[in-house]
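Asker: how does the following fold in three dimensions:
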Amino acid sequence: MLLKNLEEQWFLHCITMSRYNMFLSDEFNDTINFITSTEMSDIPFGLATIKNSKYQWDSNILSIQKSNYHRTAETAIFNNDAETKDLFYKIQKERKIWWRKLAQNPSRFKLSEAKKIKNYTIVDIEAQFSFGNLTLERITYHTDVQKLFSQVNSKKDFINIQMVEQRMSLDWGCLALLCDICDMNNSTTMHLHSKLAPHKVAFHIKKSNDKENIQNDDLNRFVLYLNNILRTKGLNTILTSSEKIIDTCLVPFIISVNTTSLENGIIYIKDRATTLSEAIHVTDLDKDEKLYMDVL
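Answerer: Numbers count the residues shown, from 1 in each chain. Predicted coordinates:
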């Protein structure tokens, strides 16, 4: 679920919110042929794919004899040769900021030195740890696009065109983010970014000590009602009476209810990262814009 949430955040940033027309495709050559044969080929435009790849990744950290599949998310943005180099630097900055926003220790996510090889230049985004650096993403500036797409029907469409390619490993990205939250020396509690957390909200029931109290059954039904409200909004929730489970699952928000909630409709939303609580009425739960903005 962590990998799925990371993939969704990448999709939102690189495709849905892109400044350019982006086309999701499994076969770049076929898609380019289709685009260039229509009126959609005005540059800049981009291609994107999400796939299982055997592309070598971080072999200096994990020595393996056989290449294992890992899930990658990739984009290729085409632009004219006068503007593509600036785009290359712009994407580097944007992607580094994106990673830092998701991290608990943003300063460990850095750009590597640029490496120029023949017709392309490479810059990696790395997470720095005591055991070594994890490469999360590779950004490549291609100056000779015609050689990359030899099977494209119309080569003339690539005259004076260059490309910026971005390839990210979702598996290694998840590993780096988990290592990041485990490597916070000054913190006794681990926090995962709310947009990545597998479970977004936990319901914590403060029951009466009297087990025969009929209000406990009413509380259970009340929480199930609230739980259904959030799940219909697309939030993955967890029901528990144990705070240990909440900490183990790294749930970012906790909604607490007690017997008084049955009388006045007041529930409490706690942010684990800040430890601040907000009291709201149950009728406002599905209208809490801050909660939805933080987790979606």
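
Asker: would you agree Lys4 falls within a helix?
Answerer: Yes - assessed with DSSP: H, G, I helix; E, B strand; the rest coil, Lys4 lies in a helix.

Asker: neighbours of it, just the number please.
Answerer: If you count neighbours by other C-beta atoms under 10 Å, Lys4 ends up with 13. Where C-beta positions appear, they are placed from N, C-alpha and C, glycine not excepted.

Asker: quick one: it and Tyr20, what's the gap?
Answerer: 25 Å (C-beta to C-beta, to the nearest Å).

Asker: for the stretch 151-296 of the chain, what spans make up the strands?
Answerer: For the stretch 151-296 of the chain, applying DSSP state E, counting those that start in this stretch gives strands covering 161-169, 201-206, 237-240, 253-258, 266-271, 277-281.

Asker: hey, which of those strands is tucked in deepest?
Answerer: strand 161-169 (a mean of 22; mean count of other C-beta atoms under 10 Å).

Asker: the helix or strand containing Leu134 pairs with which strands, and in what direction?
Answerer: If you go by DSSP states H and E, Leu134 is part of strand 132-142. Sheet pairing here is set by DSSP bridges, and for strand 132-142 it gives strand 120-129 (antiparallel), strand 161-169 (antiparallel).

Asker: contacting residues around Asn264?
Answerer: If you count contacts by C-beta atoms under 8 Å, 6 or more residues apart in numbering, Asn264 has none.

Asker: any idea how far it lies from Glu165?
Answerer: Asn264 sits 57 Å away from Glu165, going by C-beta to C-beta.

Asker: quick one: closest of the strands of the stretch 151-296 of the chain to Phe45.
Answerer: strand 161-169 (10.5 Å; C-beta to C-beta).

Asker: got a list of contacts for the closest one?
Answerer: Applying C-beta under 8 Å, 6+ apart, the set of residues contacting strand 161-169 is 10, 14, 43, 55, 57-58, 70-81, 84-85, 87-88, 91, 95, 135-143, 145, 148.

Asker: domain map for this structure?
Answerer: With domains defined by the TED database, the chain comprises 1-183, 194-294.

Asker: can you tell me which of these the model trusts least?
Answerer: Among the domains of the chain, domain 194-294 has the lowest mean pLDDT, at a mean of 82.

Asker: and the strands in the stretch 1-150 of the chain?
Answerer: Remark: strands assigned in the stretch 1-150 of the chain by DSSP E, counting those that start in this stretch are 21-24, 45-53, 70-80, 109-111, 115-117, 120-129, 132-142.

Asker: mind putting these in JSON lines, distance to Arg100 included?
Answerer: Shown next, in JSON lines, are those (distance: least, C-beta to C-beta, whole Å):
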{"stretch": "strand 21-24", "distance to Arg100": "23"}
{"stretch": "strand 45-53", "distance to Arg100": "22"}
{"stretch": "strand 70-80", "distance to Arg100": "18"}
{"stretch": "strand 109-111", "distance to Arg100": "5"}
{"stretch": "strand 115-117", "distance to Arg100": "22"}
{"stretch": "strand 120-129", "distance to Arg100": "10"}
{"stretch": "strand 132-142", "distance to Arg100": "11"}
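
Asker: can you lay out those as a markdown table showing mean neighbour count and distance to Leu276?
Answerer: Compiled in a markdown table, these are given as follows (neighbours: other C-beta atoms under 10 Å; distance: least, C-beta to C-beta, whole Å):
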| stretch | mean neighbour count | distance to Leu276 |
| --- | --- | --- |
| strand 21-24 | 16 | 38 |
| strand 45-53 | 17 | 36 |
| strand 70-80 | 21 | 34 |
| strand 109-111 | 18 | 27 |
| strand 115-117 | 9 | 45 |
| strand 120-129 | 19 | 29 |
| strand 132-142 | 21 | 31 |
